[in-house]
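# okay, structure incoming, though there's no sequence with it:
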């Protein structure tokens, strides 16, 4: 997908999502151990590997021409712009208070939305 033009949007929400995923399997018999590199659970289950965690700061917007909406993943950008190591509740709340309802220009490139003015994330 190629670049589309610059699109004027209105920011409607800022949210921070943390998701954890573990692969749980079953099938070992009583008296037998769980497979190598796994952790035994209860009732014949075992967990393979360690939980994978996804952390995303997401900015939801609607186009001002009413022709759509989208979401920008802005976690890394927010950390960079604010010279921070991690996202905190107070940072998310401050950004939410600052930019919700404001207009912002975005562009789509290769199926992802990007902010054109990163300074709006500076707290």
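Arrived safely. The shown structure was predicted, so the numbers you read here are calculated from the model rather than taken from an experiment.
# count the residues that sit near residue 106.
20 (other C-beta atoms under 10 Å). For glycine as for every other residue, the C-beta is placed from the backbone atoms N, C-alpha and C.
# direction included, what does the helix or strand in which it is found pair against?
Element membership for residue 106, per DSSP states H and E: strand 103-109. Paired strands of strand 103-109, with direction, are strand 7-26 (antiparallel), strand 112-115 (antiparallel) (DSSP bridges).
# which residues does that strand contact?
1-11, 61, 64, 70, 72, 113-117, 120 (C-beta atoms under 8 Å, 6 or more residues apart in numbering).
# got a PyMOL select line for the buried ones in those residues?
Here is the PyMOL command that selects the buried residues among those (16 or more other C-beta atoms under 10 Å):
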select buried, resi 7+9+11+61+72+113+114+115+120
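# follow-up on the earlier one: so which of the strands paired with strand 103-109 comes closest to residue 43?
Proximity of the strands paired with strand 103-109 to residue 43 was assessed by C-beta to C-beta; the nearest stretch is strand 7-26, lying at 7.6 Å.
# what comes up buried for the closest one?
Neighbour count says strand 7-26 has 7, 9, 11, 14, 16 buried, by 16+ other C-beta under 10 Å.
# and the helices in this protein, which stretches?
Using DSSP state H, the helices of the chain run over 75-81, 89-99.
# next, the angle from the longest one to strand 7-26.
With axes from the mean of the first three to the mean of the last three C-alpha atoms, to 10 degrees as the basis, helix 89-99 and strand 7-26 are set at 150 degrees to each other.
# can you give me the offset of helix 89-99 from its chain's centre?
Here helix 89-99 is found 15 Å from its chain centre; the criterion is C-alpha atoms, centre = their mean, to the nearest Å.
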